[in-house]
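In: Build the 3D model from these lines:
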Amino acid sequence: MFHVIDPRLFERPLLDELCALATRARLAAKSEAGSRALRDLLPTRRAMLYFTQPSTRTFLSFNNACHILGMRTSEIRDPSTSSEVKGESFEDSIRTFSSYVDVIIMRTKEAGRAAQAAQLMNSIQRPVPVINAGSGSDQHPTQALLDIYTLQRSFEDHGGIDGKVIGMMGDLKRGRTVRSLCYLMKNYYGVRLVFIAPEQFAMQPDVKAHLDEHRIVYHETTRLDEALPSLDALYVTRMQTEWDTAGESRSVDLSRFSIGAPQLARLKRDAIIMHPLPRGPEIDPAVDQDPRAMYWRQERNGMWMRAAVLAKIFGAEDRIPESPAR
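Out: Numbering: from 1, shown residues only. Below is the predicted model:
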């Protein structure tokens, strides 16, 4: 593993390995000795966090994942502080970063930028890995990885992810998290997907074509109440208002695509609720107290999965300490 750009490139053995590495790192960090061992993994490595699109969770989890492994970080979070405002090309900026760091972790509003950066790195004498931390409304591969880790942890005593019915609800047209997670479903047997969305924000044809190609069964509906009883997991997303061009999100009746006490009553006792955050009115804060709410664990899982990804990229995975604790 070098670049992390597109979730379609991940196969089941690597997914299982990354989940196992995330768990080893998480358990090792529970002890002082384990934390020190983790910090000694990559103390000579440097990371650039190039986040020109607003981010809280992804930025902080990557930043802290680097620190857990002993890596030093540099950051650019405002393009106005970059030489791009002087006319420097995107390619020249990326090449400049690669002169100073060992990995570039980037989030951009424009789709395809991470792939463009990786292609550039492949053409130079001293390439460094590029990690896509969110590319427009297109892909968010490390979010999909932490979502898989959350699903696996939640169902480890119930047969794993295989055979589960997973609902995805909200703005599926513009939500890069659900797009990326759909691409990873090819790695699990018997998974069925239920897309619950307003018609104008339904899952896009390219994702459905991928699911058809890999014979992954999916169903589309606008009726949450009808779908709820069959679900093992419900992945809730917010309306992606940042992509509005004419205020189209305002036309959606969010009450039809929201979770509160009435919806909890129709959900299986052992089902889980996920959300990539930040959330809006689509999840009532009272749901936080329900044991099926997994989104805060999901958020923390991101730090451990991203630590696993960095350890794997730099070949340090075998040095993550084992822990007998659970």
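In: Report how many residues lie close to residue 59.
Out: 19 (other C-beta atoms under 10 Å). Bear in mind the C-beta positions are built from the backbone N, C-alpha and C, glycine included.
In: now swap in residue 156 and tell me
Out: Counted by other C-beta under 10 Å, the residues lying close to residue 156 total 12.
In: what separates it from residue 216, distance-wise?
Out: 22 Å (C-beta to C-beta, to the nearest Å).
In: Equivalent analysis for residue 240, please.
Out: Separation of residue 240 from residue 216 (C-beta to C-beta) stands at 23 Å.
In: and what of residue 162?
Out: Taking C-beta to C-beta as the measure, residue 162 falls 12 Å from residue 216.
In: Return every residue with contacts to both of these two.
Out: Residues touching both residue 162 and residue 216 (C-beta atoms under 8 Å, 6 or more residues apart in numbering): residue 191.
In: neighbour-wise, which of these two wins?
Out: Set side by side, residue 162 and residue 216 show unequal neighbour counts under other C-beta under 10 Å, the larger going to residue 216 at 17 against 11.
In: What sits closest to the more buried one if chain neighbours are left out?
Out: residue 185 (5.3 Å; C-beta to C-beta, 6 or more residues apart in numbering).
In: Tell me which residues touch the most centrally placed residue in the chain, please.
Out: Residue closest to the mean C-alpha point of the chain, counted by C-alpha atoms, centre = their mean, is residue 143 at 0.3 Å. With contact taken as C-beta under 8 Å, 6+ apart, residue 143 is in contact with 58, 134, 176-177, 180-181, 276, 302.
In: could you measure it against residue 268, distance?
Out: Counting by C-beta to C-beta, the separation of residue 143 from residue 268 is 25 Å.
In: And for residue 233?
Out: According to C-beta to C-beta, residue 233 stands 10 Å off from residue 268.
In: the more surrounded of these two?
Out: Between residue 233 and residue 268, counted using other C-beta under 10 Å, the more crowded position is residue 233 (23 against 15).
In: count of residues packed around residue 64?
Out: Per other C-beta under 10 Å, the neighbour tally for residue 64 reads 16.
In: what helix or strand does it sit in?
Out: Residue 64 is part of helix 57-68 when elements are defined by DSSP states H and E.
In: can you tell me the average pLDDT over the helix or strand following that helix?
Out: The C-terminal neighbour of helix 57-68 among helices and strands, as given by DSSP H and E, is strand 72-76. Here strand 72-76 scores 95 as its mean pLDDT.
In: Show me what counts as buried in the helix or strand that strand 72-76 is followed by.
Out: For strand 72-76, the succeeding helix or strand toward the C-terminus, using DSSP H and E, is helix 90-100. The neighbour-count criterion (16 or more other C-beta atoms under 10 Å) identifies 90, 93-95, 97-98 as the buried residues of helix 90-100.
In: now swap in stretch 64-80 and tell me
Out: Neighbour-count burial for stretch 64-80, counted by 16+ other C-beta under 10 Å, picks out 64-71, 73, 76, 79.
In: what do you get for stretch 146-165?
Out: By neighbour count with 16+ other C-beta under 10 Å, stretch 146-165 contains the buried residues 146-155, 161, 164-165.
In: Name the helix or strand for the spatially closest residue to residue 274 that is not a sequence neighbour, please.
Out: Beyond its immediate neighbours in the sequence, the residue positioned closest to residue 274 (C-beta to C-beta, 6+ apart) is residue 235, lying 4.6 Å away. With secondary structure defined by DSSP H and E, residue 235 is part of strand 233-236.
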